[in-house]
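Asks: Need the 3D shape of this:
(2 chains)
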Amino acid sequence: MAVPKSTVFEWISTVVRLAMAGILIFAAVPKFQDIRGSVRAVRAYELLPEAIVPAVGTLLPVFEVVLAVFLLAGLFTRIAAIVWLVMMAAFTFGVIMAWARGLNIDCGCFGGGGEVPEGTTKYPIHLLERAGFIALGIWLYLFPTSRFSVDRWMRATV
Amino acid sequence: MASKNERAAQARAQAQKQVAAKERRTTVIIIAVSLAVLAAFAGIVYFIVQSSQVPDISEAHAPAPANERGGIPVGASGVAGQDLDADAIQVDLYLDYMCPVCKRFEETNAADLAALRESGDIVVNYHPVSILDRVSGGTAFSTRAANAAGVVADQAPEAFVAFNDGMFANQPQEGTTGLDDDTIKAIAIASGVPEDVASGIADGEFTKWVLAATDQASVDGMTGTPTVFVNGEILDQQEVPYFQPGALKLYLEGLLSGS
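Replies: Below you'll find the predicted structure:
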């Protein structure tokens, strides 16, 4: 008995969607626990004007939670995937710039990463991580239909 | 005819389903927009509340010898805030008392810096910052320790350097609850702080100053600890490998001789 390709894709999309929601929550919680550290982390990348650094650092976890809620519910999934991809592009750009400029973001006791032996960098791993996240977003953009989603309920004509 | 009635009934049913679907979509959009607006509002309130928690360093109640960048200067006499030679090289140290890398920095350089300081060649500005509260199991050890340093600098400045050394000598492990208030008090007393001053440490008089100073440190370019500035310029470990014994001393002596 052949399983329809559409159903397999829908199940994969469901897993991807929930994984993305989980990743966002996982990223947001530590920021809420040390919100000043989140602001310092944004500042350390030296990309945004100081005037908006505190706002971005403080509101970033709020934004992450809101996006996670949409992904969890499966609401406006394709739009959520686009928002995710824009976020990932921005973070990836940030990591690349920091690496290129030789910023010592992970040196010593950083407010985000704990002790790191001097000389080691974690940039390659960060970028690999970002690539994985971008892959998830692209999948969900291409195949936004998933099971147990509000999108599905909205379109149901049965 | 029956089939015509059937078709009509089917068409009506179909139309009703489409209307129902459209109503669902409208309901969902209204709920989603309401939630988004609520979230935006909550976010703004959250931001305003957070911003009000930490004063600007220029407005915070600071220890007497502290400067406007959150540093506690120590000169040749070893008493915080005294005997500060304007011509001396300014060495700024940003340290978190829970940071093991900072402890290593102190072990490597404290004696050299003390010698240069006592000869009047350098002034050491200690910046106790708090960036590691999250690894002290909710006890906010970094903040408590930095506040303690502030209290000692304010009311027992002659014991400040000894207290700083004592805190690093007794440094707790990251991930533990850190040192409790009684232990910090004991370290203070052992460093020469009068008992009544040491008892007041736990009141947290300079807690807001610690947060303001940490924020100021971040604005001034501290991204992690330890961070070292010499005459206002951040020291790059690639140029001055200050975890190698003697490297920092050599660099500072080089500046003194004008090379």
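Asks: Distance check, residue A:123 against chain B.
Replies: 14 Å (C-beta to the nearest C-beta, to the nearest Å). Yep, even glycine has a C-beta here, placed from its N, CA and C like the rest.
Asks: Would you check that that residue makes contact with residue A:97?
Replies: No. Contact criterion C-beta atoms under 8 Å: residue A:123 and residue A:97 do not qualify, at 10.6 Å.
Asks: Of these two, which one has the most company?
Replies: Neighbour totals were compared for residue A:123 and residue A:97, and residue A:123 leads with 16 against 13 (other C-beta atoms under 10 Å in any protein chain shown).
Asks: Identify the residue nearest that one in space, chain neighbours excluded?
Replies: For residue A:123, the nearest residue in space outside its immediate sequence neighbours is residue A:99; the separation is 4.2 Å by C-beta to C-beta, 6 or more residues apart in numbering or on different chains.
Asks: Okay, and that neighbour sits in which element?
Replies: Element membership of residue A:99, judged by DSSP states H and E, is helix A:77-100.
Asks: next structured bit after the helix or strand of chain A with the lowest mean pLDDT?
Replies: Counting by mean pLDDT, DSSP states H and E, the weakest-scoring helix or strand in chain A turns out to be strand A:114-116, with a mean of 48. Toward the C-terminal end, the helix or strand that comes next after strand A:114-116 (DSSP H and E) is helix A:123-142.
Asks: Identify each buried residue in that next one, please.
Replies: Going by neighbour count (16 or more other C-beta atoms under 10 Å in any protein chain shown), the buried part of helix A:123-142 is A:123, A:126, A:129, A:130, A:133, A:134, A:136, A:137, A:139, A:140, A:141.
Asks: same question, stretch A:79-97
Replies: By neighbour count, and taking 16+ other C-beta under 10 Å as the criterion, the buried residues in stretch A:79-97 are A:80, A:81, A:83, A:84, A:85, A:87, A:88, A:91, A:92, A:94, A:95.
Asks: So which elements touch whichever helix or strand residue B:252 is part of?
Replies: Using DSSP H and E, the secondary-structure element containing residue B:252 is helix B:247-256. With contacts defined as 3 or more C-beta pairs under 8 Å, 6 or more residues apart in numbering or on different chains; DSSP states H and E, the packing partners of helix B:247-256 are strand B:89-95, helix B:100-118, strand B:227-230.
Asks: about what we covered before: what's the burial count for the residue nearest to residue A:123?
Replies: So residue A:99, with other C-beta under 10 Å, has 16 neighbours.
Asks: circling back: mind putting the helices and strands packed on helix B:247-256 into JSON lines with mean pLDDT, mean neighbour count and distance to residue B:206?
Replies: Compiled in JSON lines, the helices and strands packed on helix B:247-256 are given as follows (pLDDT from 0 to 100; neighbours: other C-beta atoms under 10 Å in any protein chain shown; distance: least, C-beta to C-beta, whole Å):
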{"stretch": "strand B:89-95", "mean pLDDT": "96", "mean neighbour count": "23", "distance to residue B:206": "16"}
{"stretch": "helix B:100-118", "mean pLDDT": "95", "mean neighbour count": "18", "distance to residue B:206": "19"}
{"stretch": "strand B:227-230", "mean pLDDT": "96", "mean neighbour count": "21", "distance to residue B:206": "20"}
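Asks: can you tell which of these is closest to residue A:11?
Replies: Using C-beta to C-beta as the criterion, the shortest distance between residue A:11 and the helices and strands packed on helix B:247-256 is 46.4 Å, found for helix B:100-118.
Asks: Can you name the residues in contact with that closest one?
Replies: Contact partners of helix B:100-118, identified using C-beta atoms under 8 Å, 6 or more residues apart in numbering or on different chains, comprise A:108-109, A:115, B:74-76, B:78, B:91, B:93, B:95-96, B:122-124, B:161, B:165, B:168, B:171, B:173-174, B:225-226, B:228, B:242-246, B:248-249, B:252-253.
Asks: The same query, at a cut-off of 6 Å, please.
Replies: If you take C-beta atoms under 6 Å, 6 or more residues apart in numbering or on different chains as the criterion, helix B:100-118 is touched by A:108-109, A:115, B:76, B:95-96, B:122, B:124, B:168, B:171, B:225-226, B:243, B:245, B:248-249, B:252.
Asks: Now, of the residues you listed, which are buried?
Replies: With burial judged by 16+ other C-beta under 10 Å, the buried subset of the contacts of helix B:100-118 is A:108-109, A:115, B:76, B:95-96, B:122, B:124, B:168, B:171, B:225-226, B:243, B:248-249, B:252.
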